[in-house]
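Chemist: A structural model of the following input is requested.
(3 chains)
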Amino acid sequence: MIPAAFAYHAPKSLTEATALLAKLGDGAKVLSGGQSLIPLMKLRLTSPPHVVDINGIQGLAYLKEADGFLRIGALTRESDLDESELIRTRYPLLHDTCKVIADPLVRNMATVGGNLAHGDPANDHPAAMLALGAQVVAVGGKGERRIPIASFFTGPFETALEPDEILTEIRVPVPPAGSGGAYVKMERKVGDFATAAVAAQVTLAASGVCESAGIGLTNVGLTPIQASRAEAALKGKRPDEAAIAEAARLAAEAAQPTDDLRGPAEYKKDLVRVLTTRALRRALERATARR
Amino acid sequence: MQVQLTINGEKHEADVEPRLLLVHLIRDVLRLTGTHIGCDTTHCGACTVLLEGRAVKSCTLFAVQASGKQLMTVEGLEQDGKLHPLQEGFMAEHGLQCGYCTPGMLMTSVAFLEKHPKPSEDDIRRAISGNLCRCTGYVNIVKAVQHAAAALQGGA
Amino acid sequence: MEPRTTADVGGMGHSLKRKEDPRFIRGRGTYVDDVQLPGMLYLDIVRSTHAHAKIVKIDSAKALAVPGVLAVITGADLAKYNLHWMPTLMSDTQMVLPVEKVMYQAQEVAAVLATSRYAAADGAAVVEVEYDPLPVVVDPRKALEPGAPVLRTDKKDKKDNHIWHWEWGEKAATDRAFTEAAVTVKENIYLPRIHVASIETCGCIAHFDKIDGKLTVWMTTQAPHAIRTVFALVAGHVGLTEHKIRIISPDIGGGFGGKVPVYPGYVIAVAASVLTGKPVKWIEDRMENLQADSFARDYHITAELAANKDGKLTALRIKTLADHGYTDAAANPSKFPAGLFHVCTGSYDLKAAHVEVDGVYTNKPPGGIAYRCSFRVTEAVHTIERMVDLMAHQLDIDPAEFRMKNFVKPEQFPYKSALGWEYDSGNYAGALQKAMDTISYAELRKEQAARRARGELMGIGISSFTEIVGAGPSKHFDILGLKMFDSCEIRVHPTGKAIARFGTKSQGQGHETTYAQILAEELGIPARDIQVEEGDTDTAPYGLGTYASRSTPVAGAAAAVAARKVRDKARKIAAHLLEVAEDDLVWEPGKFSVKGAPSQSKTIQDCAFAAYTNHPQGMEAGLEAVSYYDPPNLTYPFGSYICVVDVDAGTGEVKVRRFVAIDDCGNIINPMIVQGQVHGGLTMGLAPALFEEISYDEHGNVQGGSFIDYLVPTAVETPKWETGHTITPSPHHPLGAKGVGESATVGAPAAIANAVVDALWHLGVRHVDIPITPAKVWKLLREHGVRG
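Modeler: Just a heads-up that it's a prediction; the model follows:
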């Protein structure tokens, strides 16, 4: 499997990169970790005439908490997330997520930014970021803007990014005390996309009532799905088994899967119910431990 | 395009098409054929090499991306006639049969043990889950990695 | 068994470290794609997007305009040399490149020859093929319905899609047994298409030297000698004669049966090299490998089993549709179109059995090769082991107890099965008992009851399989007329070191080590002093190759026989050197000594030196021997496997918690290697049981044709195998060995399937076809009232 020929560009700065993208328009693809793009190019499912490699731009790989946000540089590799003490101890949902993306070798190259910017509903970070209420930072010819994750995924493999924009950072609000999250993925084997997966993030008040809940669904629709009705059903409630079951039911209703080799749509819908239950239970356990 | 890179401590230069996959540069141009190809879709890990110390699938990188970088392939494991403990481990524990996945398994395990010197069996199984082996059933590969971990600990 | 030789000699029973490993762990193996010749050209293949279509036009103009592209080869080009069709191993015919129509999706349509891999790929991407779609036949049952489109229009008199009918056993007696039976069970069992997916794909470099007229082909083949003959038979008319063909099978990155057939790519590369006089490399990619190379299985089986009121099995009746794709290109011994499927009475003492198999054409790739399995033996084992389990559950008898009751008993060997096989030796109850003891079977049943009471789904599955390997006796076994012997040629050098060459070809089994150990055992020459070579037809003796677990039973026996010939000559030399009669000498590994005077002795090395420097008058110099071994019977390895699964009622996921495998392959040459073979075989039993399948939609579009959906298990999905063995030597094999490479692949799927059904039986589930995917289990659970 050999990719078609292309012109290679390796800008050294964001300004240079966005100018290139503005010039090249639709003919250019941004190369980040390349773990989705390069396989697609090898299969010639995509053959961009121009590839803009942003890996030479300094300062886009970092993990830090600042200004009330966890700030993840777009070029942060999944394996960096996995090895980060900060992520492991304070962002269990993200830690769960980065451990089940593709396989460990892919995760050494794959980036968090790429996982989102690719716009693939089967990718894992979108659901996680939906549950966490993240924002992405995009830089383009017109400067920098922040896009709430809820409005980022506009269609299958489509995002709110303009052709000349590069996703540079992901901002996750630092969760208050009493928060916990979990990502539960059903995959046929390591390296597979999810048959279905559910990200859940909850915050418990001192009273034990659920102050907020975020639920994101992976690979059960044309875009990543935020299960808003399920989230709403938990808010203000004591998250007992009945409440979890109701939220899981609503999450399954929000799923719009199709039949494929991973299973029929009805199976995947039911999986969302089962996995939401499990994700919420784990998230609540973690939240309780942090109260 | 001109690429310059260091493989196993040796500097190499080549004039390549941007689309040349790193694995083809290593195998076809530089003739280091220990790195193998087993799939088209980034699943099998037979092509695993170390890029700046990280284990990556060289079929899913363009050669130009490795320009200016340090690489290590299976051919670089033996130093001054001394085998790497993982190479010893794979032989001692019968961690290979046809040998085709072995270079990838070795390179993945080298990087893994550097970061996780005392892994559990489960850790090892997860670490090598990006490398497919069709012959061994993995049991002896896990033992080989444990063998090397113990040797590296003992030598430290 | 205690080794007879010292560790230094390293004969049978020693876990000698492998002689092939030092090169592999350094990345110094030489696989086909590692070979690069000066001036080499590259071939890339254009493949059909349709499952059945007329080829209206192939437009090569754009491809020829790609820099580096030299030619686009089509069926019309090959037809000029009558090379567009080739015979299959089952005496059917197969297209090399089509001239009229394509018969399956991913079939070869044209080939692009270029100066580089990349140019060839660019060329292949722009060859424009115009198709006129024809009706597609995917389901073999529909293929046999009246009015179904006839696929093989190239066969003048063919009026349907039926290839052959084959039956075996006594029908009347079997039917009578069913009429008289107190209990019968019946089940439809489907064994889907799967692919061996060795991590190295197939490929070759064909190099035709125009000056001396010699063709050398480096090739991923398990059977280089037979391939040479096939090439000579197919291309003799264009001047390729057998003495001018050299097949080199270098290091092979896994074979498992997939590297037995001749694929069109090889033939096109040879044709391209003959025409250009340049070396031509063709290496398929993974998708081509999965979508076009020979598949395994695709058997639609209906099985019935009968028992009397005491739970004693009496008879087995099987009808099968075998989906062969568009041509019968199975790799079976000629006389057995369904392979050795009629070993399907398994480990059980049945009085009557009858098997029918019908081969059918469909719009799918050809094949019917093994998946790390002797000819169709997994199909047989899976059927009988599922049916026996079904019967046990039906009678509410513990499946272990039920098997014990019905096994062929040790004293019945040699045992003539109802379908005519003569099992050489066995102790089936011994292996099962050992497996039960190892896994604490009774405790597990208690645990299962406790868990079931809590609503948890745990299952225990058994498979007590009998293998049939080592094809085969020349009376019944041939491929294209070539008898299925195998060979060993030994030359002992003056200094006592030796080289041995074989007609087989290792693909990871460790022949360089185990063959050396056999020779060390027989000659007392240390295994490290014996170089083993295979895979070069210019140097190795003729043999039928490595598949169907035949290397140890056939070539291993040849090694023993050849070594004994060497020893016989060495004895003469020793007698000459010691000035005694041959009968006065006693042999112990490595040494002849005089009876009653052990200090007077000559080593095998002494004899070797004398063979070249001081041999008796009248004797030819040298110390060499060759054996072409024709086995008197097949060997029958066996084993008992017990598997524990937990089923996730929510997701349908099946987790193998424990798996104990007790194998009996007769005497063991290298325990380490045998265990490694079992580990690998078990994993290739797990894979089709839970993960792997290649299927087709109604349009003949292939599903699961890449590693995205063809789910080769990783270390995470694979359990930690627990292995052990019993030893029941083969009475007819010179070393008492039987072969082991495939036992576990054959035996494991049934243990897993039986465990899953065992976990769900109380809910009313009676059967589930492999692969047992989470979606399938989920459906069963929901149908049987489990919400999860």
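Chemist: for the rest of this, base every contact and every neighbour count on C-alpha atoms.
Modeler: Will do.
Chemist: in a strand, residue A:212, correct?
Modeler: Yes. Under DSSP: H, G, I helix; E, B strand; the rest coil, residue A:212 sits within a strand.
Chemist: now the helices for chain A?
Modeler: For chain A, the helices defined by DSSP state H occupy A:14-24, A:37-42, A:78-83, A:85-90, A:92-99, A:104-109, A:112-117, A:125-132, A:228-234, A:241-254, A:265-289.
Chemist: most tightly surrounded among the ones you listed?
Modeler: Ranked by mean neighbour count, those are led by helix A:125-132 with a mean of 29 (mean count of other C-alpha atoms under 10 Å in any protein chain shown).
Chemist: report all helices and strands that that helix contacts.
Modeler: Secondary-structure packing of helix A:125-132 (3 or more C-alpha pairs under 8 Å, 6 or more residues apart in numbering or on different chains; DSSP states H and E): helix A:92-99, helix A:112-117, strand A:166-173, strand A:194-204, strand A:210-218, strand A:225-226.
Chemist: and the second one, what other elements does it pack with?
Modeler: If I follow you right, that is helix A:112-117. Applying 3+ C-alpha pairs under 8 Å, 6+ apart, one finds that helix A:112-117 makes contact with strand A:69-73, helix A:125-132, strand A:166-173.
Chemist: ok, and what's touching that helix?
Modeler: Helix A:112-117 has contacts (C-alpha atoms under 8 Å, 6 or more residues apart in numbering or on different chains) with A:32-34, A:72-78, A:123-126, A:159, A:161, A:167-170.
Chemist: sorry, back to before: and the helices of chain A: which comes nearest residue C:193?
Modeler: Taking C-alpha to C-alpha, helix A:265-289 is the member of these nearest to residue C:193, at 23.8 Å.
Chemist: what about residue C:396, how many residues nearby?
Modeler: Neighbours of residue C:396 under the rule other C-alpha atoms under 10 Å in any protein chain shown: 11.
Chemist: please apply the same query to residue C:211.
Modeler: Residue C:211 has 7 nearby residues by other C-alpha under 10 Å.
Chemist: in chain A, which residue sits nearest chain C?
Modeler: Here chain A gets closest to chain C at one residue, residue A:263, 5.3 Å apart by C-alpha to the nearest C-alpha.
Chemist: is it true that that residue touches residue C:777?
Modeler: No. In this structure, residue A:263 is not within contact of residue C:777 by C-alpha atoms under 8 Å, at 10.7 Å.
Chemist: the two: which has the busier surroundings?
Modeler: Set side by side, residue A:263 and residue C:777 show more neighbours around residue C:777, with 23 against 18, by other C-alpha under 10 Å.
Chemist: isn't the more buried one right up against residue C:653?
Modeler: Yes. If you go by C-alpha under 8 Å, residue C:777 and residue C:653 touch, sitting 7.2 Å apart.
Chemist: would you confirm that residue C:414 contacts residue C:421?
Modeler: No. Look at residue C:414 against residue C:421 with C-alpha under 8 Å: they stay out of range, at 9.8 Å.
Chemist: who's more crowded, these two?
Modeler: The neighbour comparison of residue C:414 against residue C:421 (other C-alpha under 10 Å) goes to residue C:421, with 18 against 14.
Chemist: not counting sequence-adjacent ones, nearest residue to the more buried one?
Modeler: residue C:343 (7.2 Å; C-alpha to C-alpha, 6 or more residues apart in numbering or on different chains).
Chemist: number of nearby residues for that neighbour?
Modeler: 24.
Chemist: Throw the helices of chain A into TSV and include mean pLDDT, thanks.
Modeler: What follows is the helices of chain A, written out as TSV (pLDDT from 0 to 100):
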stretch	mean pLDDT
helix A:14-24	97
helix A:37-42	98
helix A:78-83	97
helix A:85-90	96
helix A:92-99	98
helix A:104-109	98
helix A:112-117	98
helix A:125-132	98
helix A:228-234	98
helix A:241-254	98
helix A:265-289	98
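Chemist: nearest to residue C:236, of these?
Modeler: Residue C:236 lies closest, by C-alpha to C-alpha, to one member of these: helix A:37-42, at 39.2 Å.
Chemist: does any part of that closest one sit near chain B?
Modeler: Yes. Helix A:37-42 lies within reach of chain B by C-alpha under 8 Å from any C-alpha of the partner chain, at A:38-39, A:42.
Chemist: find the centremost residue of chain B, please.
Modeler: The centre of chain B sits closest to residue B:107, judged by C-alpha atoms, centre = their mean, with a distance of 2.3 Å.
Chemist: can you spell out which helices and strands pack onto the strand or helix carrying residue C:449?
Modeler: Here residue C:449 sits within helix C:441-453, counting by DSSP states H and E. When contacts are defined as 3+ C-alpha pairs under 8 Å, 6+ apart, helix C:441-453 sits against strand C:457-466.
Chemist: direction included, what does the following helix or strand past the strand it packs on pair against?
Modeler: Next along the chain after strand C:457-466, taking DSSP H and E as the criterion, comes strand C:478-479. Sheet pairing of strand C:478-479 (DSSP bridges) gives strand C:482-483 (antiparallel).
Chemist: mean confidence for the partner strand?
Modeler: On average, the pLDDT along strand C:482-483 is 96.
Chemist: now do the buried residues in the helix holding residue C:449.
Modeler: C:441, C:444, C:448-449, C:452 (16 or more other C-alpha atoms under 10 Å in any protein chain shown).
Chemist: now do it: distance to the chain's middle.
Modeler: From the chain centre to the centre of helix C:441-453 is a distance of 37 Å (C-alpha atoms, centre = their mean, to the nearest Å).
Chemist: please give me every residue in contact with residue C:354.
Modeler: Going by C-alpha under 8 Å, 6+ apart, residue C:354 touches C:167-171, C:174, C:316-318, C:419.
Chemist: what is the nearest of those to chain B?
Modeler: Once C-alpha to the nearest C-alpha is applied, the member of those that ends up nearest chain B is residue C:318, at 32.0 Å.
Chemist: low-confidence ranges in chain C?
Modeler: Residue ranges of chain C with pLDDT under 70: C:1.
Chemist: picking that back up, output the helices and strands packed on helix A:125-132 in TSV, with distance to residue C:122 appended to each entry.
Modeler: Shown next, in TSV, are these (distance: least, C-alpha to C-alpha, whole Å):
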stretch	distance to residue C:122
helix A:92-99	36
helix A:112-117	28
strand A:166-173	31
strand A:194-204	33
strand A:210-218	36
strand A:225-226	39
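Chemist: done for today, thanks.
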